[in-house]
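Colleague: Okay, here's the prediction I keep looking at, along with the sequence it came from:
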Amino acid sequence: MNKLTILPAVLAALAITGCSDAGNNTTTNEATPAADSATGKKYLSQPLVSQLYTADPSAHVFNGRIYVYPSHDTATGTPENDNGDHFNMMDYHILSMDSVGGPVTDHGVALHIRDIPWAGRQLWAPDAAFANGTYYLYFPVKDKQDVFRIGVATSQKPEGPFVAEKEPIKGSYSIDPTVFKDDNGTFYMYFGGIWGGQLQRWNNNKYDSAGKLRKGDELAILPRVAKLSADMKSFAEPVKEIKIVDSAGNLYKEKDNDKRFFEAAWIHKYNGKYYFSYSTGDTHNIVYAIGDNPYGPFTYKGVILEPVEGWTNHHSIIEKDGKWYLFYHDVQLSGKTHLRNVKVTELKYNPDGTIVTIRAQK
């Protein structure tokens with residue numbers, strides 16, 4: 001398997017070419033430490049694909065194959081700001097592979113914003129689930145009033161194409177939906193993101209367009225969860241807040257921004273415990289907390305992934321063939337915050353169930 005030692009300009013050209021609707025491109029990259037020939041920087045993993053820019057990888061194992069549901073970054077020319085307007089994604093491409101380190105297939109456009117009846121702009125980080133003999137793609141997008149809602153689309157194949165419902169999920173809001181199936185078959189959706197994700201505008205599930213970010217000594221804004229109905233297209237209950245606490249059971253304040261929730265919720269189960277992981281945003285960590293219940297509370301435990309190149313990070317965690325893997329992104333290919341690339345590396349646990357912290361760049 002060949003290392004990506006192509007000059008950045010060539011990589012950029014490849015990524016721009018990949019922004020077309022062409023699909024089913026297969027590439028092979030290795031997830032082992034390698035140095036970038038142009039910069040000399042050493043990376044723990046190499047990008048899964050280089051023919052398009054991808055981010056926010058939600059990975060799942062369906063039918064024994066790994067499917068990755070990422071955002072698709074494009075160079076729109078929109079100026080950067082704290083609301084993330086420069087992340088103006090138009091569609092989703094789904095990637096798949098038989099195993100980590102093997103050939104990666106880009107299945108082309110699975111869903112385009114023009115095919116979502118209620119959508120206004122900005123398709124952000126998606127996730128997927130399988131139930132009822134159907135594959136469900138969950139996605140945040142701003143509606144025509146510029147408010148983020150969460151939609152759902154369906155397909156008979158994990159790679160799509162997907163057909164969107166005519167309306168967003170009733171009662172949904174903000175960004176970064178992730179869907180978790182518990183051992184008893186119950187599905188839960190976790191979501192939320194502050195700053196550009198608009199979570200600060202929602203209090204008791206009511207929208208306030210003037211809602212503001214919390215100040216340093218105020219309690220941090222909490223992520224959200226709701227059980228999904230059997231149809232996988234609606235909430236079975238009102239949306240609830242999830243408590244993330246320290247070892248003494250105290251909620252974090254906004255000034256604890258190396259531990260408090262910012263965005264990018266993910267949940268997985270290991271040895272009977274629920275692991276809630278997320279991004280701290282402006283401090284750029286991927287961290288985790290552990291609980292005994294899918295609703296929490298979750299007690300903060302530590303850092304999974306130290307900061308990578310680029311302002312954002314967003315991850316997912318899966319088990320495949322007896323090993324655990326962390327999917328994440330950085331900006332190795334472009335050097336630009338809004339043109340990212342997805343990667344994967346092995347995730348390991350300590351004997352006590354804590355996670356070994358990963359440094360993705362040396």
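Modeller: Nice, thanks for sending it over.
Colleague: only C-alpha atoms for contact and neighbour calcs from this point on.
Modeller: Will do.
Colleague: what about residue 69, helix or strand, and which?
Modeller: Taking DSSP states H and E as the criterion, residue 69 maps to strand 65-73.
Colleague: all helices in the stretch 1-150 of the chain, in order from the N-terminus.
Modeller: Secondary structure of the stretch 1-150 of the chain (DSSP state H, counting those that start in this stretch): helices at 8-17.
Colleague: all strands in it, in order from the N-terminus.
Modeller: Counting by DSSP state E, counting those that start in this stretch, the stretch 1-150 of the chain forms strands over residues 25-27, 34-35, 42-43, 53-62, 65-73, 91-97, 104-112, 119-123, 127-131, 134-143, 148-155, given from the N-terminal end onward.
Colleague: so how many other residues sit close to residue 211?
Modeller: Other residues within reach of residue 211, judged by other C-alpha atoms under 10 Å, total 13.
Colleague: tell me the pLDDT at the residue sitting nearest the centre point of the chain?
Modeller: When the chain is reduced to its mean C-alpha position, the closest residue under C-alpha atoms, centre = their mean turns out to be residue 56, at 3.8 Å. What the model reports as pLDDT for residue 56 is 98.
Colleague: show me what contacts it?
Modeller: Applying C-alpha atoms under 8 Å, 6 or more residues apart in numbering, we find residue 56 in contact with 69-71, 125-126, 313-315, 328-329, 342.
Colleague: Check residue 197 too.
Modeller: Neighbour list for residue 197: 83, 148, 174-175, 263 [criterion: C-alpha under 8 Å, 6+ apart].
Colleague: The strands of the stretch 1-150 of the chain: which one's closest to residue 184?
Modeller: Each of those has some distance to residue 184 by C-alpha to C-alpha; the shortest is strand 127-131, at 13.1 Å.
Colleague: what residues does the closest one touch?
Modeller: Strand 127-131 is contacted by residues 58, 60, 69-70, 135-139, 176-180, 232 when judged by C-alpha under 8 Å, 6+ apart.
Colleague: Mind doing that once more with 7 Å?
Modeller: Among residues not part of strand 127-131, those counted as contacts by C-alpha atoms under 7 Å, 6 or more residues apart in numbering are 58, 69, 135-139, 177-179.
Colleague: Residue 347: which of the residues you listed is nearest?
Modeller: residue 58 (15.2 Å).
Colleague: Would you mark the buried spots in stretch 97-108?
Modeller: Judged by neighbour count using 16 or more other C-alpha atoms under 10 Å, the buried positions of stretch 97-108 are 97-98, 100-108.
Colleague: Save these as TSV, and put in pLDDT too.
Modeller: As requested, the buried residues of stretch 97-108 are arranged in TSV below (pLDDT from 0 to 100):
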residue	pLDDT
97	98
98	98
100	97
101	95
102	96
103	97
104	98
105	98
106	98
107	98
108	97
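Colleague: Please tabulate those in TSV, including the columns distance to residue 253.
Modeller: Below are the buried residues of stretch 97-108 laid out as TSV (distance: C-alpha to C-alpha, whole Å):
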residue	distance to residue 253
97	41
98	42
100	38
101	40
102	43
103	44
104	41
105	43
106	41
107	42
108	42
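Colleague: I'd like to know which of those residues is nearest to residue 292.
Modeller: Lowest distance from residue 292 to those (C-alpha to C-alpha) belongs to residue 100, with 30.0 Å.
Colleague: contacting residues around that closest one?
Modeller: Taking C-alpha under 7 Å, 6+ apart as the contact definition, residue 100 lies against nothing.
Colleague: follow-up on the earlier one: export the strands of the stretch 1-150 of the chain to CSV and tack on distance to residue 252?
Modeller: Below are the strands of the stretch 1-150 of the chain laid out as CSV (distance: least, C-alpha to C-alpha, whole Å):
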stretch, distance to residue 252
strand 25-27, 43
strand 34-35, 38
strand 42-43, 32
strand 53-62, 25
strand 65-73, 29
strand 91-97, 34
strand 104-112, 38
strand 119-123, 30
strand 127-131, 27
strand 134-143, 26
strand 148-155, 25
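Colleague: for those strands, which one sits closest to residue 248?
Modeller: Go through the strands of the stretch 1-150 of the chain one by one with C-alpha to C-alpha and the one that ends up closest to residue 248 is strand 53-62, at 31.8 Å.
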